[in-house]
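S.K.: Here is my input; please provide its structure:
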Amino acid sequence: MPDAVAVVCGGRSVTYRELDEWSGRLAGVFAGRGVGAESVVGVALPRSVELVAAVLGVLKAGGAYLPVDPEYPAERLEFMLADALPVLVVTSEELVAELPVGSCPFLALDDPDVVAEVAAARVPEVSPVPADGLAYVMYTSGSTGVPKGVEVTHRAVVGLAGDARFRGGAHARVLLHSAQAFDASTFELWVPLLGGGCVVVAPPGK
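M.R.: The predicted model follows:
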């Protein structure tokens, strides 16, 4: 199981062991930036292996992730970040200039200094989280008014991923192609990962 492939994106693949170690080091870096129990952390990355590792890192640090689609209009992004008040926004160097991060601290994962920090980071102990603790926050479309942040618990995610209808091999490989801020991405990410399967990441624009 540790050497089974957890995530594939193009010609790149990451095993469960590698993903566990990588996300653990990210958790150490996030914790050093103030991420703790149920802290909201914006994750503004395109679909990628880095996105999956960052989400896991947030959860291992005890936080809750806020999926931020970089392609959303600036006004919507500004509203979400001002409303959710994340303690940190995880992104890339390319996207920093495009995001209305304002006073939100941000961390560009591809910044050379951050890459070195992650490589040297100590993996913290992962404390058990309550089933009804916050796993992520996702905003509604706002088509009938102001977008609203919906809080989703660990119990809800595990309940979805553990549904017996997803077992038996039919979901051993699941395509992650939805926008990260769209609720279908919960199924595409967590059903394979929590079932020992493989997330096949569709590159951005596909």
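S.K.: What is the burial count for residue 145?
M.R.: Neighbourhood size, residue 145 [other CB atoms under 10 Å]: 8. Quick note: C-beta positions are derived from backbone N, CA and C, even for glycine.
S.K.: can you pull the pLDDT of it?
M.R.: What the model reports as pLDDT for residue 145 is 73.
S.K.: Check which helix or strand it maps to.
M.R.: If you go by DSSP states H and E, residue 145 is not part of any helix or strand.
S.K.: Over to the one 5 residues further on?
M.R.: Assessed by DSSP H and E, residue 150 sits inside strand 149-153.
S.K.: Ok, residue 53 next?
M.R.: helix 49-60.
S.K.: I would like the residues contacting that helix, please.
M.R.: Contact partners of helix 49-60, identified using CB atoms under 8 Å, 6 or more residues apart in numbering, comprise 6-7, 9, 12, 14, 19, 22-27, 29-30, 35, 41, 43, 45, 64-65, 90, 92, 109-110, 124, 126, 129, 135, 176, 180, 189, 193, 199, 201.
S.K.: after it comes which helix or strand?
M.R.: Counting by DSSP H and E, the element after helix 49-60 in chain order, helix or strand, is strand 64-67.
S.K.: Could you identify the helix or strand that succeeds that next one?
M.R.: Next element after strand 64-67 (DSSP H and E): helix 74-84.
S.K.: Does anything pack onto that next one? Which helices or strands?
M.R.: For helix 74-84, the packing partners by 3 or more CB pairs under 8 Å, 6 or more residues apart in numbering; DSSP states H and E come out as strand 40-43, strand 149-153.
S.K.: what angle sits between that helix and strand 149-153?
M.R.: 50 degrees (axes from the mean of the first three to the mean of the last three CA atoms, to 10 degrees).
S.K.: Could you tell me how many residues sit around residue 63?
M.R.: 27.
S.K.: got a pLDDT number for it?
M.R.: With respect to pLDDT, residue 63 scores 96.
S.K.: follow-up on the earlier one: for ChimeraX, what selects the buried ones among the contacts of helix 49-60?
M.R.: Entered in ChimeraX, the line below selects the buried ones among the contacts of helix 49-60, by 16 or more other CB atoms under 10 Å:
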select :6,7,9,14,19,22,23,24,25,26,27,29,30,35,41,43,45,64,65,90,92,109,124,129,135,176,180,189,193,199,201
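S.K.: Work out which residue lies at the spatial centre of this protein.
M.R.: Centroid-nearest residue in the chain: residue 55, 2.4 Å away (criterion: CA atoms, centre = their mean).
S.K.: Quick check on residue 201: phi, psi?
M.R.: phi -90, psi 120 (degrees, to the nearest 10).
S.K.: Contacts made by the longest helix seen in the chain with the rest, please.
M.R.: Secondary structure of the chain per DSSP state H: the longest helix is helix 16-32. With CB under 8 Å, 6+ apart as the test, helix 16-32 has contacts from 1-7, 14, 35, 41, 52-54, 56-58, 60-63, 88, 90, 107, 109, 114, 117-119, 121-124, 126.
S.K.: Cheers, nothing more for now.
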